[in-house]
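Visitor: Give me coordinates for this.
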Amino acid sequence: MPTTSAQDYTLPYFRQSVDQGFQKYGSSITRNIIISHGQEAVEAVKAYLSEMLASFVTPKKISKHKGSAIRDEYVFELVQQARESNFPSVRIFVYDHIGRLSLFTAAVVPESLNRTPLKPEDYIGFANAAYWNVVSEQRKSTGDAASVYFILADKTSDVAEVLLNIAEDNIRMHGRILGRPFLTLEQIASGKKPYDIIGEAEAILSKPN
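Guide: Numbers count the residues shown, from 1 in each chain. Sure, this is the predicted structure:
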């Protein structure tokens, strides 16, 4: 009997939210993407953001995760892990993970940074650097980069602004996020091992297609 994940429930909702958000707030970035990369690239960016939201926000009735303590150094640990890997596919996976986490934190849960010395703008910068690293690694590996990553790198701030408005309209209620952030730039404060992004990347990449 097939199993149904929380993402199966949340992805259609977030896809609708992203579509509406781009219609309402993203006319300028949509026009620029169409001119530079075509309509398919717009759909690729929207699909990427929808999947990111569905992955990182789990309904409270489903989520078993307790509150986490923010760790500012986590993003830097991930960067170091990516740099130390000898495998381009792993480096791409980790940089993409950094980009998604940074973008999500800056635009959807910026309040998680209230007690840290860093600001949402810093995490937008982290996302920007991460996506440029993805572009660089893909170009070195294949000679070209996926348009969705080039757009995320070239227009990180614009994408973050649209995502922030989407969050305000459809992900928050009275200033609080709907559901529990499933994985932001956080780690469990105690009693848990650090998130092993390299292990996850290697496990996923080793699976046969």
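
Visitor: so what's A167 closest to, chain neighbours aside?
Guide: Excluding the flanking residues, the one nearest A167 by C-beta to C-beta, 6 or more residues apart in numbering is V108, at 4.6 Å. (Each C-beta comes from the backbone N, C-alpha and C, glycine too.)

Visitor: Near the one you found, how many other residues are there?
Guide: 24 (other C-beta atoms under 10 Å).

Visitor: Correct me if wrong: A153 contacts S136.
Guide: No - counting by C-beta atoms under 8 Å, A153 does not reach S136; the two are 9.2 Å apart.

Visitor: List the buried residues of stretch 127-142.
Guide: Buried residues in stretch 127-142, counted by 16 or more other C-beta atoms under 10 Å: A127, N128, A129, A130, Y131, W132, N133, V134, V135, S136, E137, Q138.

Visitor: So what touches that stretch?
Guide: Defining contact as C-beta atoms under 8 Å, 6 or more residues apart in numbering, one finds that stretch 127-142 is touched by 79, 82, 88-89, 91-92, 95-96, 98-100, 102-103, 106, 144-146, 149-150, 152-153, 156-157, 160.

Visitor: Buried ones among these?
Guide: 79, 82, 89, 91-92, 95-96, 98-100, 102-103, 106, 145-146, 149-150, 152-153, 156, 160.

Visitor: Give me the three-state assignment for the residue nearest to D144 when sequence neighbours are not counted.
Guide: Once flanking residues are discounted, D144 sits nearest to Q138: 6.9 Å by C-beta to C-beta, 6+ apart. Three-state call for Q138 (DSSP: H, G, I helix; E, B strand; the rest coil): helix.

Visitor: Next one: Q138 relative to A130, how far apart?
Guide: 13 Å (C-beta to C-beta, to the nearest Å).

Visitor: Likewise for I171?
Guide: Going from I171 to A130 by C-beta to C-beta gives 22 Å.

Visitor: how about A146, phi and psi?
Guide: phi -60, psi 140 (degrees, to the nearest 10).

Visitor: Which pLDDT does the model give it?
Guide: A146 is assigned a pLDDT of 94 by the prediction.

Visitor: And V75, by the same measure?
Guide: 73.

Visitor: Same check on L183?
Guide: 36.

Visitor: same thing with T10?
Guide: 76.

Visitor: Toward the C-terminus from the host helix or strand of it, list the very next helix or strand.
Guide: In this structure, T10 sits in helix 6-25 according to DSSP states H and E. Downstream of helix 6-25, the first helix or strand assigned by DSSP H and E is helix 27-37.
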